[in-house]
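*Asks:* please find the sequence and the predicted model below.
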Amino acid sequence: MLLLVTALAVFWLSLSRAPAEGSPEVNFSRDMAAHHAQAVEMALIARDRSSDEELRRFALDIMLTQQAQIGQMQGWLAAWGLPLSGPQPTMQMPGMATQQQINALQTLPVAEMETSFLQLMIRHHQGGIAMAQEALRQTKRAEVTQLANAIVNSQQSEIAYMQDLLKRRGAASPTPAEPNNIEHMEMATS
């Protein structure tokens with residue numbers, strides 16, 4: 001019985017202690033915040049340039065949801081006593097658009113921009129899902145697992161919605177995003 005109580009106490013202490021620099025929780029918070037920031041940037045362009053009210057509302061929803069999640073993750077970092085950016089540069093993350101693709105959203109004819117936005121955002125969401133699933137594989141922290149699960153569920157639903165919007169436009173869905181470089185998230189600490 002004493003062994004069980006001791007094991008539970010050690011487990012509780014490990015969850016109540018702030019994660020350390022380089023931990024999966026910290027890497028997820030920083031990387032997903034950066035990933036979300038690009039989604040917000042693309043959604044802002046689509047919202048401002050689109051003439052399709054349904055797409056404009058969807059882009060606004062992405063902006064508001066992901067900006068709120070950025071705030072949540074930055075709040076964790078502040079509560080954990082860690083800076084918003086780490087000592088190492090952010091690695092290439094799955095599903096990210098290139099700067100050239102983002103710039104094109106500002107100059108393409110509106111109908112082409114709408115299609116490109118949806119295709120880019122599908123790949124972006126696929127990358128976000130891969131990152132969230134990796135975090136779920138590595139952490140037991142309740143706040144991180146709750147957000148990562150919410151990201152997986154909402155973004156899977158949004159991908160289906162965006163595929164429908166593309167189909168209505170007579171456009172193809174993009175090929176699935178490659179799970180690029182997320183190994184830096186695997187630096188678990190004890």
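*Replies:* Received it, and whenever you're ready, just let me know what you need. No experiment lies behind these values; they were computed from the predicted model shown. Numbering: from 1, shown residues only.
*Asks:* from here on, contacts and neighbour counts on C-alpha atoms
*Replies:* Noted.
*Asks:* tell me, how many neighbours does residue 137 end up with?
*Replies:* Neighbourhood size, residue 137 [other Cα atoms under 10 Å]: 12.
*Asks:* element containing it, please.
*Replies:* helix 110-138 (DSSP states H and E).
*Asks:* which secondary structure elements does that helix contact?
*Replies:* Helices and strands touching helix 110-138, by 3 or more Cα pairs under 8 Å, 6 or more residues apart in numbering; DSSP states H and E, are helix 24-49, helix 99-107, helix 142-168.
*Asks:* need these in JSON lines (columns: mean neighbour count, distance to residue 133 and mean pLDDT).
*Replies:* Putting these into JSON lines (neighbours: other Cα atoms under 10 Å; distance: least, Cα to Cα, whole Å; pLDDT from 0 to 100) gives the following:
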{"stretch": "helix 24-49", "mean neighbour count": "22", "distance to residue 133": "10", "mean pLDDT": "96"}
{"stretch": "helix 99-107", "mean neighbour count": "14", "distance to residue 133": "26", "mean pLDDT": "97"}
{"stretch": "helix 142-168", "mean neighbour count": "16", "distance to residue 133": "7", "mean pLDDT": "96"}
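*Asks:* which one of those helices lies closest to residue 123?
*Replies:* Nearest to residue 123, of all these, is helix 142-168, at 8.7 Å by Cα to Cα.
*Asks:* in JSON lines: the helices and strands packed on helix 110-138, plus distance to residue 120.
*Replies:* Listed next are these as JSON lines, based on distance: least, Cα to Cα, whole Å:
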{"stretch": "helix 24-49", "distance to residue 120": "9"}
{"stretch": "helix 99-107", "distance to residue 120": "8"}
{"stretch": "helix 142-168", "distance to residue 120": "10"}
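*Asks:* for residue 93, which of these is the nearest?
*Replies:* For residue 93, the closest of these is helix 24-49, at 7.3 Å, according to Cα to Cα.
*Asks:* tell me the angle whichever helix or strand comes after that closest one makes with helix 110-138.
*Replies:* Beyond helix 24-49 on the C-terminal side, the first helix or strand identified by DSSP H and E is helix 53-79. Between helix 53-79 and helix 110-138, the angle comes out at 30 degrees (axes from the mean of the first three to the mean of the last three Cα atoms, to 10 degrees).
*Asks:* with that, I have no additional questions.
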